[in-house]
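A.B. asks: After the sequence you'll find the predicted model.
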Protein chains: 2
Amino acid sequence: MSVTEQPEGGPRRQSRQRNAVLALLDELDGFRSAQDLHALLRERGDSVGLATVYRALQALVDDGQLDVLRSTDGEAAYRRCSSSHHHHLVCRSCGRTVEVADPPVERWAARIAAEHGFVDVQHDVEVFGTCAACAAARA
Amino acid sequence: MSVTEQPEGGPRRQSRQRNAVLALLDELDGFRSAQDLHALLRERGDSVGLATVYRALQALVDDGQLDVLRSTDGEAAYRRCSSSHHHHLVCRSCGRTVEVADPPVERWAARIAAEHGFVDVQHDVEVFGTCAACAAARA
DNA sequence: GTGCTCATGAGAATCATTCTCCCACGCGGA
DNA sequence: TCCGCGTGGGAGAATGATTCTCATGAGCAC
Ligand SMILES: [Mn+2]
Ligand SMILES: [Mn+2]
Ligand SMILES: [Zn+2]
Ligand SMILES: [Zn+2]
């Protein structure tokens, strides 16, 4: 929104920092905040400036390589996801995330919009719960 | 999350400020940020402190009288909504909002969760688009 | 290797939201 | 109506995530 955007999809310059951020995201399963990622990188020695972490995440989001989720406390969380359209089923307890691509919900959203005369529609759908493993562990 | 919560649902004390916030929300159709509401109140003369606006909104949310939406820029937006479970169809252009209560999407969310062994599920579903009026005006 | 750019990092700046602290007022009881 | 208690309000400071500034460092094309 206010970050300087790369006008063209020109080749992005390579850097240790950007690679480190992407590599870390590849190892993690759930959504993580920029602050968390920064702390993790620092712990493992691949130290990267905080501003750089934000810039790398922003760039990856623009490239469609990351999904962003805004938690209720306003913090943004990022995750490496498949590039095709999907939604998420997220475990509140351990963060385990399942990507869900299911035609019915797509049709549902389109139908609801059409019934009310809305066009250019888009939808946000996230499902939160407790995964089987966490439910078992809690018992 | 960190605001002091009223432990019991005891009767809330009456006040001009709280009433003004609620009255304003009743007149508005779409989701509005706390900052916006504060500015609107100030304009109309019903001046209320910013912190008080936040406190009033928080209280109303706790009472289930308001719905909150987090926009992509991280700002929270509030709207007076019916108390029963529903989702929203929001016009990106004018903010007009339609409440949608539709069994199919509820069943969909439950099914997806069940298929993956998740329990205690909950879902966030919002549909954004351009309403008929705005689409016509743009043409 | 040189040079042109873009990337980085430290810290300042932003901005929404929350907290502190003290004062004012709603409200129930006398 | 008058008091007193305790909650609600206001102003401004504090917080915390995110973004910006700007001087410096490092890809990459030649
Ligand atoms: Mn979808
Ligand atoms: Mn629902
Ligand atoms: Zn889990
Ligand atoms: Zn509209």
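C.D. replies: The structure has been received and is ready for your questions. Ligands and ions are numbered 1, 2, ... in the order given.

A.B. asks: Can you tell me which residue sits nearest the middle of chain A?
C.D. replies: A:Asp67 (2.7 Å; Cα atoms, centre = their mean).

A.B. asks: How is chain A divided into domains?
C.D. replies: Chain A breaks down by automatic domain parsing into domains covering A:1-81, A:83-139.

A.B. asks: From the chain's centroid, how far away is the longest strand anywhere in chain A?
C.D. replies: Longest strand of chain A, by residue count under DSSP state E: strand A:119-130. The chain centroid and the centroid of strand A:119-130 are separated by 13 Å, computed with Cα atoms, centre = their mean, to the nearest Å.

A.B. asks: thinking again about what came up before, the residue nearest to the centre of chain A falls within a helix, correct?
C.D. replies: No - if the criterion is DSSP: H, G, I helix; E, B strand; the rest coil, then A:Asp67 is strand and not within a helix.

A.B. asks: Contact partners for the closest residue to it other than its chain neighbours?
C.D. replies: Counting by Cβ to Cβ, 6 or more residues apart in numbering or on different chains, A:Cys81 is the residue found nearest to A:Asp67 once chain neighbours are left out, at 4.3 Å. Any C-beta I mention is one placed from the backbone N, CA and C, and that applies to glycine too. A:Cys81 sits next to A:Gln65, A:Leu66, A:Asp67, A:Glu99 when contact means Cβ atoms under 8 Å, 6 or more residues apart in numbering or on different chains.

A.B. asks: where are the low-confidence patches of chain A?
C.D. replies: Counting by pLDDT under 70, the low-confidence segments of chain A come to A:1-10.

A.B. asks: next one: phi and psi at A:Glu99?
C.D. replies: In terms of degrees, to the nearest 10, the main-chain angles of A:Glu99 are phi -80, psi 140.

A.B. asks: Just list whatever residues bridge to it.
C.D. replies: In this structure, A:Glu99 bridges to A:His88 when assessed by DSSP bridges.

A.B. asks: Count the residues that sit near it.
C.D. replies: By other Cβ atoms under 10 Å in any protein chain shown, the residues close to A:Glu99 number 13.

A.B. asks: How about the contacts made by the residue of chain A found nearest ligand 4?
C.D. replies: Relative to ligand 4, the nearest point of chain A is A:Phe118 (8.4 Å; Cβ to the ion). By Cβ under 8 Å, 6+ apart, the residues touching A:Phe118 are B:Leu89, B:Cys91, B:Val127, B:Gly129, B:Thr130, B:Cys131, B:Ala132.

A.B. asks: Would you reformat these as TSV and include distance to DNA strand C and neighbour count?
C.D. replies: Listed next are those as TSV, based on distance: Cβ to the nearest atom of the strand, whole Å; neighbours: other Cβ atoms under 10 Å in any protein chain shown:
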residue	distance to DNA strand C	neighbour count
B:Leu89	22	23
B:Cys91	21	22
B:Val127	22	23
B:Gly129	23	24
B:Thr130	25	21
B:Cys131	25	23
B:Ala132	30	14
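
A.B. asks: Next up, phi/psi of the residue nearest to A:Asp67, please.
C.D. replies: Backbone torsions of A:Cys81, given as degrees, to the nearest 10, read phi -130, psi 170.

A.B. asks: which residues in chain A form helices?
C.D. replies: Residue ranges of the helices in chain A, as given by DSSP state H, are A:16-27, A:34-43, A:50-62, A:103-115, A:132-138.

A.B. asks: got the contact list for the shortest one?
C.D. replies: Think helix A:132-138. So helix A:132-138 is contacted by A:Cys91, A:Ser93, A:Cys94, A:Arg96, A:Thr130, B:His116, B:Gly117, B:Phe118, B:Val119, B:Asp120 (Cβ under 8 Å, 6+ apart).

A.B. asks: For beta bridges, what are the partners of the fifth one?
C.D. replies: The one in question is A:Thr130. Bridge pairing for A:Thr130 - DSSP bridges - gives B:Val119.

A.B. asks: can you pick the most crowded of the contacts of helix A:132-138?
C.D. replies: Neighbour tally across those (other Cβ under 10 Å): the maximum, 24 neighbours, falls on B:Phe118.

A.B. asks: Write out the residues of chain A neighbouring chain B.
C.D. replies: Residues of chain A found near chain B (Cβ under 8 Å from any Cβ of the partner chain) are A:1, A:68, A:70, A:72-74, A:76, A:89, A:91-92, A:98, A:100, A:102, A:104-105, A:108-109, A:112-113, A:116-132, A:135.
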